[in-house]
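# Pasting the sequence and the predicted model now:
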Amino acid sequence: MMPPGLMITAPSSGTGKTTVTLGLLRAFADDGLTVQPFKSGPDYIDPAFHEAAAGRKSFNLDTWAMAPDLFAAISGEGQGADLVIGEGSMGLFDGVATKGATGFGSSAETARAMGWPVVLVIDVGGQAQSAAATAMGFRAYGDDLPFAGVILNRVASPRHERLTRLGTERAGIPVLGVLPRRGDLALPERHLGLIQAVEHPDLDAAIAGYAEFLRENVDLAAIRAAAASATVPVASALPTPPAQRIALAQDAAFSFTYPHLREGWRRAGAEVLPFSPLADEAPDPSADLVWLPGGYPELHAGKLAAAETFWSGLRTHAETKPVHGECGGYMALGEALIDKEGARHQMAGLLGLVTSYEKRKFHLGYRRAVLNAPMPGFGAGAALRGHEFHYSTILDEPDSPLAAVADADGNPVPETGSRRGHVTGTFFHLIAEDRA
């Protein structure tokens, strides 16, 4: 039996659900509970914040990208916990138009599959009793979805609280907490959303502050009592490693790899050998594969361009053994990266890719790729599911396309990835193989 869980969700992005989630994770952990965090959807950043708050690895659950066996295997990471808290993405019912592996990618589907009641965080700024209509609409729209209640966020005054609570309770919706408006509760952000957890100047103190704030203004006992046991059967189907010894870049420039992939590699016996390009470290010469994850190379392009030990080791490895890059890692494998000021920085030159942030263009969405040629862990013809999220513009991509890539609705996208010799790269972050 899986431990009881909840989904912290909201009508839209920007309502405060991440800070509420972090505060709850830490508050329950401080009470002596073992709390397992999850993130619904393809988010690269939040799981690291969750781990910092709960002291336990957080994993993504994705109904568009994951087959049922993988979804079940990842949900099994909650075993041994006292309480599970999932954080939704965007609005509760937001997803794509075309069904994926098990659904359309909404947080509601994740909550429904797990049997988790939802806690709706509503930003009540600029309204009072009308917040009840929002809550009623969300409760009615998913009539088969357990609805635990609401947390009213950014309440301006005691009078504002009375009016908002009156309308919500009159509608028969439990009010689980009322959070006064506080400007210091926002996490720092930049162009891909929150800054990375490793970059926060005082993350533990910030999370401790969220926990104290939640403890003062939320009924923790009622929230825990509302949790329900998951209904997903336990399975064991985490992804297998693409090599035995994997040199994995890990620093502020390269950090975005889905936790279930790394955990699958580790449990299958692969050796993950971390190194830091920003510290001018070369990948371990004994590695079978070098993997450059996504991240923010554009913020460190000058320092990376000067990292001669890193580049030399990477180029030597690529002469005889595979190298793969995702998104930011793919850009670093290219010929050059142009930063937002227009400065051109030399990269590895293992691929001909040239990317620019001088004129930003937003690329966001699920991706399905059918490989034209092998890449580490997969043969030609394999279908992969992933997610793309970046602002870079391709100026040149002269190498052979790695894959035929489409969005969630099957429309072709131009970011096909590249291959040259032992080197491959994609703009999408791999989530899972598509075995449909």
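Looks like it arrived, so ask away.
# hey, where'd the helices end up in this structure?
Along the chain, counting by DSSP state H, helices occupy 17-30, 46-54, 68-75, 107-114, 130-141, 158-170, 203-217, 220-226, 259-267, 301-305, 308-318, 328-333.
# would you list those helices in JSON lines and tack on mean neighbour count, mean pLDDT and distance to Asp339?
C-beta: built from backbone N, CA, C; applies to glycine. Compiled in JSON lines, the helices of the chain are given as follows (neighbours: other Cβ atoms under 10 Å; pLDDT from 0 to 100; distance: least, Cβ to Cβ, whole Å):
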{"stretch": "helix 17-30", "mean neighbour count": "25", "mean pLDDT": "97", "distance to Asp339": "28"}
{"stretch": "helix 46-54", "mean neighbour count": "24", "mean pLDDT": "95", "distance to Asp339": "24"}
{"stretch": "helix 68-75", "mean neighbour count": "22", "mean pLDDT": "94", "distance to Asp339": "36"}
{"stretch": "helix 107-114", "mean neighbour count": "25", "mean pLDDT": "96", "distance to Asp339": "35"}
{"stretch": "helix 130-141", "mean neighbour count": "17", "mean pLDDT": "97", "distance to Asp339": "41"}
{"stretch": "helix 158-170", "mean neighbour count": "16", "mean pLDDT": "96", "distance to Asp339": "44"}
{"stretch": "helix 203-217", "mean neighbour count": "18", "mean pLDDT": "95", "distance to Asp339": "26"}
{"stretch": "helix 220-226", "mean neighbour count": "16", "mean pLDDT": "98", "distance to Asp339": "44"}
{"stretch": "helix 259-267", "mean neighbour count": "19", "mean pLDDT": "96", "distance to Asp339": "29"}
{"stretch": "helix 301-305", "mean neighbour count": "18", "mean pLDDT": "98", "distance to Asp339": "5"}
{"stretch": "helix 308-318", "mean neighbour count": "18", "mean pLDDT": "98", "distance to Asp339": "18"}
{"stretch": "helix 328-333", "mean neighbour count": "29", "mean pLDDT": "98", "distance to Asp339": "11"}
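# For stretch 319-328, buried residues please.
Lys321, Pro322, Val323, His324, Gly325, Glu326, Cys327, Gly328 (16 or more other Cβ atoms under 10 Å).
# Would you format those residues as CSV with distance to Arg56 included?
Formatted as CSV, the entries for the buried residues of stretch 319-328 read as follows, by distance: Cβ to Cβ, whole Å:
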residue, distance to Arg56
Lys321, 34
Pro322, 32
Val323, 32
His324, 29
Gly325, 29
Glu326, 25
Cys327, 26
Gly328, 27
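# Where does pLDDT dip in the stretch 151-300 of the chain?
For the stretch 151-300 of the chain, residues meeting the criterion pLDDT under 70 lie at 183-195, 197-198.
# so where do the strands sit in it?
175-180, 189-190, 193-194, 228-229, 245-249, 254-256, 271-275, 289-292, 294-295 (DSSP state E, counting those that start in this stretch).
# Tell me which of those strands sits nearest to Ala373.
strand 289-292 (15.9 Å; Cβ to Cβ).
# What is that closest one packed up against?
Based on contacts counted as 3 or more Cβ pairs under 8 Å, 6 or more residues apart in numbering; DSSP states H and E, the elements that strand 289-292 packs against are strand 245-249, helix 308-318, strand 323-326, helix 328-333.
# quick revisit: between the strands of the stretch 151-300 of the chain, which gets nearest to Gly78?
Between Gly78 and the strands of the stretch 151-300 of the chain, the shortest gap by Cβ to Cβ is with strand 228-229, which sits at 10.0 Å.
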